[in-house]
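Undergrad: model this:
(chains A and B)
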Amino acid sequence: MSSVQSFGYLDEYAKKEVRRSALKAVAIPGYQVPYSSREMPMGRGFGTGGLQLTLSLIGSQETLKVIDQGSDDSVNAVNLRSFIEMTCPGIDTTTKTAEASLIQSRHRIPEQPLREDQIIVLQVPYPDPLVLVEPSEDKRKQMHGEMDYSRLLVKLYEDMVRFDEITISHRYPTRINGQYVLDPSPIPRWDVPKMNHSNALILFGAGREKKIYAVPPYTDAEPLVFSDVPFRVEDFSDASGGRRACRICGCRSSFLDEYSDSRTGETVYQCSDADWCEELSQSTEKPAGVSNA
Amino acid sequence: MGYVAIKGGGRAIAGTKGVFDHLRTRQGEAGTPLDTDTIEQQLRLLHGRVISEGGVYAPQLASLALKQAQGDTLEAAFILRAYRSTQPRLTETPLLDTTKMRLTRRISAAFKDIPGGQMLGATTDYHLRMLRMELLKESSEEFRRISRDWFSSAPEADLPDSFPKVLDGLRQQGLLPQPDAAAAEREPFDITREPLIFPVPRSAALATMARAEQGSLLAIAYSNMRGYGDVHPTVAELRVGYLPVLLPHPITGELTEVGEVEMTECEVIAMYEDDADQSKAVFTLGYGACYGHNEVKAISMAILDRALQAGMKSGPRNPSEDPEFVLLHVDGIDSMGFCTHYKMPHYVTFQSDMDRLRTTRQKQTDKEQG
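TA: So this is what the prediction gives:
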């Protein structure tokens, strides 16, 4: 009854299984690979799928970044990071996207473009985009096998008829390598284009639903749309049609969090990606789209 | 240890640990810490439930988990389950024979008299649920007196070591389906090492239900009892007791008892159906078993086993017969985890939701004006 745990918390067999499932996922882009998924000491739904991937992939030379909603400092990111530090002695952690070799994230892909030598692991609550139209996993598996996404397309069409807009806000169904449609995890539509021909490997872990899938580097990732209805990311225009800027760094090309200032009651906007915002605030040379105003 | 990136949130988490632990000690000077033996003995049914849902028979650790979780069954089972993830699976027992159970209770609702006799044992079934005010201020002397006197006043009974199964008699009369000999040969499905990919074998369903959350299992079984299904079970036998666990001796290879686990087992009989595999009609069966003394769970499981067998054979006609519906929704660790996760920040996705709603409303406004 020892409390000493192996490197990465899980026993070696479990980690090996996760790695083999990840390899299979890379080999069949967009396919949901079932795996046994162990119980972790944090809640199902708090990133146990992503965590099992991270723990199975990480080595002592790795530099890890953990973000939740774009922030390294949100409680769940802090919690996951300290658990990984505790169980993986010798690793480095960072908040800088550029410094990380492995990034575990919930709900965001960093604004800073990723590189070939980086892997991003996304936490997944619902691995299957077809759950929007079909509750039975057994039937969904068959639909994927037959590349039958007609009901998803009908859902998009019905949205157009009823609202003149596609109402899917996040978890936007995306076709990978011209074949399987996957659920990109609850990233905003803003982040979906980042998956297309990404330099970095993107891995998805769904712990509770026991699935691993991947978008390999340099792979087509196309959001499901109609030829006459373009895919649209979130709109951050103000009333006069100008692009809103982050109130801290002034960036006009990042995904923004909106909230009301507790003192003035005014609606304010701020970069969702904390590292991006900090880098820009400190940098004197601003990239295109950033105003100093 | 490398460079550690941390800013502020960690302090908040540490704070929650402190205040949560403090609440355990609110009795202050008057309080004494709960010891794990007390939890195991005086809260034995709660304790058994946590072992069963945690899916690992570790009585002392189950008490610890309950103490740590301040009595929350879902949390306690979760702590045990997470502990189990760190443990390798060393060996498998052969199929264990529940006729060998050291029984503390055993009843049949099918027959008035059964071979070996009905044995009521420790049950609250016929208690009047009235508050026993005298327990409010129970003295240690009184507590010890009950412990001491019960054995001295209990009559000597010449009980056999094991009891035959009620079902055996019916089976001899040919009223039950023959046991599936092929199933006994097959490796049972290990839900801790393989994901459920439907359709799943019956052993996967039984294993999933054996560690299911009691309330979830009961709710779905109850839907069947009320009419979303038609099992109409008769409890052929319900037994509670200690099942000897056998393993091959490391040197001689001979099966040797290594310990015993407390279990509840329930076998229900349901009405007969058309069956092409049988030449004449026979009753159908449902089986339930779980760690600890938990009759509601064992009976619910037996009913659902019967319902799921029907669903697997001829397609589900209601939720309790649908293996996917039942098996993917009864695990307490999964369901409570996902329920709890909604408390986490969802700023980004909500921002996206607002974007969709505003855009849609703008279009509706444009249309009205246009």
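
Undergrad: Correct me if wrong: residue A:259 contacts residue A:265.
TA: No. Under the criterion of Cβ atoms under 8 Å, residue A:259 makes no contact with residue A:265, lying 11.0 Å away. C-betas here are computed from N, CA, C, even on glycine.

Undergrad: The two: which has the busier surroundings?
TA: residue A:259 (12 against 7; other Cβ atoms under 10 Å in any protein chain shown).

Undergrad: What lies in contact with stretch A:7-16?
TA: A:6, A:18, A:36, A:38, A:40-41, A:52, A:55-56, A:58, A:60, A:83, A:87-89, B:85-88 (Cβ atoms under 8 Å, 6 or more residues apart in numbering or on different chains).

Undergrad: quick one, strands of the chain?
TA: Defaulting to chain A. Ranges of strands in chain A, per DSSP state E, are A:33-34, A:63-68, A:92-93, A:102-106, A:119-123, A:174-176, A:181-182, A:201-206, A:211-215, A:221-223, A:256-260, A:267-271.

Undergrad: could you do chain B instead?
TA: Counting by DSSP E, the strands of chain B are B:102-107, B:234-248, B:255-270, B:284-291.

Undergrad: What is the neighbour count of residue B:341?
TA: The tally of other residues near residue B:341 (other Cβ under 10 Å) stands at 20.

Undergrad: Residue A:11 now?
TA: Number of residues near residue A:11 (other Cβ under 10 Å) recorded here: 16.

Undergrad: same thing with residue A:149?
TA: Residue A:149 has 20 neighbours, counted by other Cβ under 10 Å.

Undergrad: For it, which non-adjacent residue is spatially closest?
TA: The shortest distance from residue A:149 to any non-neighbouring residue, by Cβ to Cβ, 6 or more residues apart in numbering or on different chains, is to residue A:181 (5.3 Å).

Undergrad: And residue B:116, how far from chain A?
TA: 38 Å (Cβ to the nearest Cβ, to the nearest Å).

Undergrad: what about residue B:362, neighbour count?
TA: By the measure other Cβ under 10 Å, the count of residues near residue B:362 is 12.

Undergrad: Same question for residue B:218.
TA: Neighbours of residue B:218 (other Cβ under 10 Å): 20.

Undergrad: In contact with it, which residues?
TA: Listed by Cβ under 8 Å, 6+ apart, the contact partners of residue B:218 are B:296-297, B:300.

Undergrad: coming back round to it: dump the strands of chain A to JSON lines, plus mean pLDDT.
TA: As requested, those are exported to JSON lines (pLDDT from 0 to 100):
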{"stretch": "strand A:33-34", "mean pLDDT": "98"}
{"stretch": "strand A:63-68", "mean pLDDT": "97"}
{"stretch": "strand A:92-93", "mean pLDDT": "96"}
{"stretch": "strand A:102-106", "mean pLDDT": "97"}
{"stretch": "strand A:119-123", "mean pLDDT": "98"}
{"stretch": "strand A:174-176", "mean pLDDT": "98"}
{"stretch": "strand A:181-182", "mean pLDDT": "98"}
{"stretch": "strand A:201-206", "mean pLDDT": "98"}
{"stretch": "strand A:211-215", "mean pLDDT": "98"}
{"stretch": "strand A:221-223", "mean pLDDT": "97"}
{"stretch": "strand A:256-260", "mean pLDDT": "91"}
{"stretch": "strand A:267-271", "mean pLDDT": "93"}
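
Undergrad: Check these for me and report the most buried one.
TA: Sort the strands of chain A by mean neighbour count, taking mean count of other Cβ atoms under 10 Å in any protein chain shown, and strand A:211-215 sits at the top with a mean of 29.

Undergrad: so the lowest-mean-pLDDT helix or strand in chain A versus strand A:267-271, what angle?
TA: Least confident helix or strand, chain A: strand A:256-260 with a mean of 91, by mean pLDDT, DSSP states H and E. Calculated by axes from the mean of the first three to the mean of the last three Cα atoms, to 10 degrees, strand A:256-260 forms an angle of 150 degrees with strand A:267-271.

Undergrad: Could you pick out the buried ones from the contacts of stretch A:7-16?
TA: Buried by 16 or more other Cβ atoms under 10 Å in any protein chain shown: A:18, A:36, A:38, A:40-41, A:52, A:55-56, A:58, A:83, A:87-88, B:85-86, out of the contacts of stretch A:7-16.

Undergrad: can you list the domain ranges for the chain.
TA: The chain I'm using is chain A. A:12-223, A:237-293 (automatic domain parsing).

Undergrad: um, chain B though
TA: Taken from automatic domain parsing, chain B resolves into B:32-88, B:98-122+B:158-335.

Undergrad: Is the shortest one in proximity to chain A?
TA: If I follow you right, that is domain B:32-88. Yes. Judged by Cβ under 8 Å from any Cβ of the partner chain, domain B:32-88 comes into contact with chain A through B:61, B:78-79, B:81-82, B:84-88.

Undergrad: Just the endpoints, please. Distance across that domain?
TA: Domain B:32-88 has an end-to-end distance of 36 Å (Cα to Cα, to the nearest Å).

Undergrad: same question, stretch B:147-159
TA: Across its full length, stretch B:147-159 reaches 22 Å end to end, with Cα to Cα as the criterion.
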